[in-house]
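Chemist: Could you look at this predicted model? Sequence included:
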Amino acid sequence: MDQLKLVKDCLRGNPQAQRQLYDQYAPQMLGVCYRYTRSMRDAEDILQEGFIKVFHHLNQYKHEGELGAWIRRIMVNTALNYLKRNRKYQEEMFFTEEYLHPVADDDPAVRVQAKELADMIRQLPQGYQVIFNLHAVEGFSHVEIGQMLGISDGTSRSQYARARNLLITWIEKSSNEKKTPRYAGK
Amino acid sequence: MQENSFEKQVRERLDDLQFQPTAPVWRNVAVSIRRRRRRRIAAYLSIAVLLGMAGWLLLSPHSGNKHENRLATEQPTEKASQQQAQSNSSSNSSDKEPKVLENADNSTQNENTGIAVTNGELKDRDSGIAANDNKGSSDSNGQLAASSKSRQTPSRNRNAAVRSTSDPYDQNSAAVSMNTNLAGSQELLTNAIAKLQHSLTEAVIDADGLRHPEIDSALASNEMKPTTEKPYIATATAQQVAKRKIQWAAELSAGMGRRQNEIFPGIGTLHETVDLFQGSAVTAPPASFGVMRVLPSESKYGPAFGIGVSARIPLTQKINLLAGLRYQYQSEKIKVGIRRDTSIRFLNAASNLVDARAVYNGPAYYDHTNRYHFVQAPIAVEFQLNRGRKTPIFFELGAAPGYLIASNAVVYDSAFSGIYYKDKSLLTRFNVAGNTALSIQFGNKGPVKFAIGPEFRVNATPLSESKYDSRQYLMYAGIRTRVFF
């Protein structure tokens, strides 16, 4: 179905169209939500809340960009709000002013699967995790991230650099483990 | 940002990341969509009904000069008998009587002008409803078109009344026919409001017609009870409501108010015009008193304000209970005769003997402001109409029981050809007012929230026990501000 028609049908309250829109974007959006949380249950909570917002604000979609990108933006905002108000994440979402941390120049090949990479990102401390997701995956600048999280752009840069270095270390470690046969030590 | 290959690779990898959500997620989303749609329709319905009622109340031809019209038509027969009885003063009174009639006719003409405005507003309202319903179901359009046609009929009748009243030779008969027409048009308007309610109710049914078969079957098979494995909405809502605390607010309201005949047509007491001048005087009228009969004055808008504190108690995420304490000042302007400091005795409207030392008597040329001071304990339920928490819009419906602590109001009595005097024994101390309001709230992110919006209130209890003056219900309309701490 044409995207324009799908949106119009959803706005008319057509349940089939609403279901179709959900089926089309929910798996991808759950992947987005998954990266911001510690559990699949929390990710589904965000997905549910995000889709409720999507259907309620669909009349504000101007057909100027990709519908998927618009929904993704809503999901990211919903995830951030969820993390801010959820006590479990609040304690970890504490950003301290730090000196700029040097970013490693190396760009190692990412030879891990998507799920494994997402799980590594989820292993990062919550502050690192959010900033890494926002900058490396969603493409927000550090100034934008600073405004979204209420921190300075310097803090965002510093936290991102730490997250990136940590992730590169884990990816390299994982790649080496895969390269090395199990019987090598015997 | 300078894109390097690491970020690019991460992004490409994660674009492929997909998971299939579990079934309850969609069920909860679908239920929320349906619930919200219903709530929105219910809110539109209640607002439409309230606006209709408020419009009817404000533009009702009853509120102004009905009393005078009825008496104006009765006046000629009384005049004839009076002329016979009072031969000495007949020339004076006959000079004055036509003036009264002229005034009454002018007032009927004004009333017609008022009706013309009412028609215009009704048309606007029709178009507004049609525009709203275009978004909804097509069936309700047809019904509303039918109801707007039915409204055109009384408008033609009224125009005819206006034309006939403009004829200088037949003004009294036009006034009588206008009263008949008004009664008919009121009935038609009441029917139109009933049709509006009916068509909006059907719109709700239409909206329900868009049911999702999966949800219905799930509801029917009891699958959608709060699940033990994934109680998403139930737990989230309960936590959020529990987190909310009672909010205290200081409120200030300012506007205008006056007295009127009835709360709404058919609701409340409409006093029948008794034969006002049968006489309840115990002493003879002083020589200085005029003989011309003076009718109860029209009540004109006077300034009003309220100040108080209230508590907002959350019931659900979107519904709050409001309770508070308020001081309310209201006033109205009336026309009275000249003040006469003399001692007269008569039986008042409650058949009690009154010894009045100061009364207003004679032609009603002088302004007098009746002031009322109330202490009220308003209680209301507040519904959030829109989404989000940034600038919520609330619709409020409630009641305000109150006590009249002080007043300088003068009351009308038919004794001595019509007088105004102070009689606190006739005033109703305890009263209840119905209250409705809309408000928009700002500053939700800061420590102090600020809400502002229109407020409308009407007393359900008559202001006094007077059987001579039918305008007994205080009405208030104004702007209210609340600051939440």
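Modeler: Sure, I can see it.

Chemist: Is residue B:380 within a helix or a strand, and which one?
Modeler: strand B:379-384 (DSSP states H and E).

Chemist: One more: residue A:139?
Modeler: Going by DSSP H and E, residue A:139 is not in any helix or strand.

Chemist: What is the burial count for the residue nearest to residue B:427 when sequence neighbours are not counted?
Modeler: Leaving aside its sequence neighbours, residue B:427 sits nearest to residue B:464 (Cβ to Cβ, 6 or more residues apart in numbering or on different chains; 5.1 Å). Backbone N, C-alpha and C define where each C-beta goes, glycine included. Residue B:464 is flanked by 23 other residues according to other Cβ atoms under 10 Å in any protein chain shown.

Chemist: what pLDDT does residue 84 get?
Modeler: You didn't say which chain, so I picked chain A. You'll see residue A:84 listed with a pLDDT of 83.

Chemist: not what I meant, chain B
Modeler: Note for residue B:84: predicted pLDDT of 47.

Chemist: Equivalent analysis for residue A:27, please.
Modeler: For residue A:27, the model assigns a pLDDT of 93.

Chemist: Spell out the secondary structure type for it.
Modeler: Using DSSP: H, G, I helix; E, B strand; the rest coil as the criterion, the local structure at residue A:27 reads helix.

Chemist: what's next to whichever strand or helix holds residue A:116, contact-wise?
Modeler: Element membership of residue A:116 [criterion: DSSP H and E] is helix A:114-123. Outside helix A:114-123, the residues that touch it by Cβ atoms under 8 Å, 6 or more residues apart in numbering or on different chains are A:31, A:34-35, A:37-38, A:110, A:112, A:129, A:132-133, A:167, A:170-171, A:174, B:10, B:13-14, B:16-17.

Chemist: The next helix-or-strand element following the strand holding residue B:380 pairs with which strands?
Modeler: Counting by DSSP H and E, the element after strand B:379-384 in chain order, helix or strand, is strand B:393-407. Under the criterion DSSP bridges, strand B:393-407 sits next to strand B:353-376 (antiparallel), strand B:379-384 (antiparallel), strand B:430-442 (antiparallel) in its sheet.

Chemist: Reformat the ones you listed as TSV; add mean pLDDT.
Modeler: What follows is these, written out as TSV (pLDDT from 0 to 100):
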stretch	mean pLDDT
strand B:353-376	84
strand B:379-384	92
strand B:430-442	91
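
Chemist: got CSV for those, with mean neighbour count too?
Modeler: Putting those into CSV (neighbours: other Cβ atoms under 10 Å in any protein chain shown) gives the following:
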stretch, mean neighbour count
strand B:353-376, 17
strand B:379-384, 18
strand B:430-442, 18
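
Chemist: Quick one: those strands as TSV, columns for distance to residue A:120 too.
Modeler: Below are the strands paired with strand B:393-407 laid out as TSV (distance: least, Cβ to Cβ, whole Å):
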stretch	distance to residue A:120
strand B:353-376	63
strand B:379-384	42
strand B:430-442	43
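
Chemist: okay, now residue B:419: neighbour count?
Modeler: Residues near residue B:419, counting by other Cβ under 10 Å, number 25.

Chemist: Look up which residues are beta-bridged to the nearest residue to it once chain neighbours are set aside.
Modeler: Closest residue in space to residue B:419, ignoring its immediate chain neighbours: residue B:359 at 4.5 Å, by Cβ to Cβ, 6+ apart. Counting by DSSP bridges, residue B:359 is bridged to residue B:340, residue B:421.

Chemist: Residue B:359 contacts residue B:345, correct?
Modeler: No: with contact defined as Cβ atoms under 8 Å, residue B:359 and residue B:345 do not form a contacting pair (11.3 Å).

Chemist: residues near residue B:246, how many?
Modeler: Using other Cβ under 10 Å, residue B:246 has 11 neighbouring residues.

Chemist: so it makes contact with residue B:311?
Modeler: Yes: the pair residue B:246 and residue B:311 passes the contact test of Cβ under 8 Å, sitting 5.3 Å apart.

Chemist: anything in the longest helix seen in chain A near chain B?
Modeler: The longest helix of chain A (DSSP state H) is helix A:153-179. Yes: using Cβ under 8 Å from any Cβ of the partner chain, helix A:153-179 reaches chain B at A:164, A:168.

Chemist: Tell me how far residue B:10 lies from residue A:61.
Modeler: 28 Å (Cβ to Cβ, to the nearest Å).

Chemist: okay, these two: which has more neighbours?
Modeler: residue B:10 (24 against 17).

Chemist: Give me the neighbour count for the closest residue to that one other than its chain neighbours.
Modeler: In this structure, residue B:10 finds its nearest non-sequential neighbour in residue A:136, 5.4 Å apart by Cβ to Cβ, 6+ apart. Neighbour count of residue A:136, defined by other Cβ under 10 Å: 23.

Chemist: Please name the residues that touch residue A:136.
Modeler: Contacts of residue A:136 (Cβ under 8 Å, 6+ apart): A:160, A:164, B:6-7, B:10-11.

Chemist: Just name whatever secondary elements the worst-scoring helix or strand of chain A on mean pLDDT is in contact with.
Modeler: One helix or strand of chain A scores below all others by mean pLDDT, DSSP states H and E: helix A:87-90, with a mean of 74. Applying 3 or more Cβ pairs under 8 Å, 6 or more residues apart in numbering or on different chains; DSSP states H and E, one finds that helix A:87-90 makes contact with helix A:67-85.

Chemist: which other residues reach the helix it packs on?
Modeler: With Cβ under 8 Å, 6+ apart as the test, helix A:67-85 has contacts from A:3, A:7, A:25, A:28-29, A:32-33, A:36-37, A:42, A:45-47, A:49-50, A:53-54, A:57, A:61, A:89-90, A:93, A:126, A:130, A:133-134, A:138, A:148-149.
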